[in-house]
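Asker: fold the following.
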Amino acid sequence: MLMPGRQAYAEAVLNPDNFGLPLLRRLRLVCEPKTNSPMAWPGAFGIVFRMENSQGEARAVKCFTSAYPIRAERYEAVSDYFDTLFSRNNPSVRFLAESYYARQGIQVGRHWYPVLVMEWVEGDLFNRHLGAVCAQNDPQPQLMALARTWTEVVRALRADRLVHGDLQHGNILVTPEGIIKLIDYDGMCVPLLIGRFVLEGGHPNYQHPRRVQQYDERLDEFSALTILSGLVILAAYPELWARYDIQRNVLFQESDFKNPENSALFAELDTLDHPAVHIVTQAMRRACFARTTAEIPHFGDVAAALGL
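Answerer: Below is the predicted model of the structure:
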């Protein structure tokens with residue numbers, strides 16, 4: 001099925017009657033002050049619009065520009081599973097944004113197309129937040145607090161059998177209250193999808209070079225460990241941020257994973273005399289040389305060794 005383009009969606013969202021969900025028909029589209037055009041964020045598979053109710057509470061509405069029947073099935077599986085998690089107030093919901101997938105979401109011309117409605121999350125991108133913290137006079141307490149919170153996030157995902165699929169700086173927000181929120185569920189896996197083929201490869205600066213092509217419950221292990229390691233290292237040596245930040249990573253990057261023996265970062269970490277840094281450096285080196293996900297050090301074991 002041929003999907004509408006971004007401009008067609010931008011015109012359709014201007015009319016509330018084009019929405020199939022009563023919730024969306026009651027919302028107001030947020031427009032750019034200068035141009036009065038819809039406030040929108042284009043992505044690889046669609047475009048996201050911001051909408052608000054009369055109290056100013058916002059929702060993100062994602063319209064799809066690419067047709068993937070398998071992706072629709074996955075969105076519905078994730079949406080149904082989220083309904084269960086949020087209705088029971090499971091551990092992971094504190095770190096997730098509510099989302100709902102509707103097949104008959106928006107009408108463009110004579111046809112209906114799906115939309116994904118998500119809770120709007122205000123916050124800083126994870127790497128930008130880290131950069132700001134590292135620039136402070138005494139960043140160590142905040143960085144260790146983030147490491148503890150990140151450990152809670154990963155444990156909560158494990159407890160609820162969720163796999164995000166693309167844990168990276170652009171999909172992690174830090175709210176003004178200091179809460180971590182995960183966004184972008186294009187690559188998410190719920191129990192019903194275990195064993196299916198992975199549709200998203202994930203950001204290369206957070207993924208194992210031999211990442212598997214099927215969903216399993218340890219698919220996030222490497223990226224979760226990469227982020228935790230970066231936080232622990234920065235808490236001990238925040239000055240490393242200025243040397244290894246490339247604005248799309250947390251210290252480590254793809255070249256470090258593919259060739260740790262010739263990595264400037266690993267070489268420098270080996271010279272640092274700090275127990276926690278030694279623990280995560282060894283864990284990351286073992287993870288890089290792992291041939292399968294089963295050989296990647298368990299996140300929980302590393303966190304326990306750090307006392308988190």
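Asker: what does the pLDDT read for the residue nearest the centre of the chain?
Answerer: Nearest to the centroid of the C-alpha atoms of the chain, with distances taken as CA atoms, centre = their mean, sits N171, at 2.8 Å. Among the per-residue scores, N171 shows a pLDDT of 94.
Asker: in contact with the nearest residue to it once chain neighbours are set aside, which residues are there?
Answerer: Taking CB to CB, 6 or more residues apart in numbering as the measure, N171 lies nearest to D184, with 4.5 Å between them; neighbours along the chain are not counted. Where you see a C-beta, it was placed from the backbone N, CA and C, and this is true even at glycine. When contacts are counted by CB atoms under 8 Å, 6 or more residues apart in numbering, D184 is found next to 166, 170-171.
Asker: what's the mean pLDDT across stretch 63-71?
Answerer: The predicted model gives stretch 63-71 an average pLDDT of 81.
Asker: next: stretch 209-224.
Answerer: On average, the pLDDT along stretch 209-224 is 89.
Asker: quick one: the helices in the stretch 51-200 of the chain?
Answerer: Taking DSSP state H, counting those that start in this stretch, the helices of the stretch 51-200 of the chain run over residues 69-88, 126-134, 140-159.
Asker: in CSV: the ones you listed, plus distance to L308 and mean neighbour count.
Answerer: Formatted as CSV, the entries for the helices of the stretch 51-200 of the chain read as follows, by distance: least, CB to CB, whole Å; neighbours: other CB atoms under 10 Å:
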stretch, distance to L308, mean neighbour count
helix 69-88, 24, 16
helix 126-134, 17, 19
helix 140-159, 4, 19
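Asker: which residue sits farthest out from the middle of the chain?
Answerer: Among residues of the chain, the one most distant from the C-alpha centroid is R110; the distance is 34.5 Å, by CA atoms, centre = their mean.
Asker: and the helices of the stretch 51-200 of the chain: which comes nearest Y206?
Answerer: helix 126-134 (10.8 Å; CB to CB).
Asker: distance from that closest one to the middle of the chain?
Answerer: Once both centres are worked out by CA atoms, centre = their mean, to the nearest Å, helix 126-134 turns out to sit 16 Å from its chain's centre.
Asker: tilt between that helix and helix 140-159?
Answerer: 150 degrees (axes from the mean of the first three to the mean of the last three CA atoms, to 10 degrees).
Asker: any residues touching helix 126-134, and which ones?
Answerer: Taking contacts as CB under 8 Å, 6+ apart, the residues outside helix 126-134 that touch it are 123-124, 139, 142-143, 146, 169-170, 172-174, 180, 227, 230-231, 234, 238-239, 241-242, 245, 247-250.
Asker: also stretch 88-97?
Answerer: Outside stretch 88-97, the residues that touch it by CB under 8 Å, 6+ apart are 60, 82, 84-86, 118-121, 152-153, 155-157, 159-160, 162, 179-183.
Asker: domain map for this structure?
Answerer: Taking automatic domain parsing as the criterion, the chain consists of the domains 6-119, 124-305.
Asker: of these, flag the one that's most buried.
Answerer: Comparing the domains of the chain by mean neighbour count (mean count of other CB atoms under 10 Å), domain 124-305 ranks first with a mean of 18.
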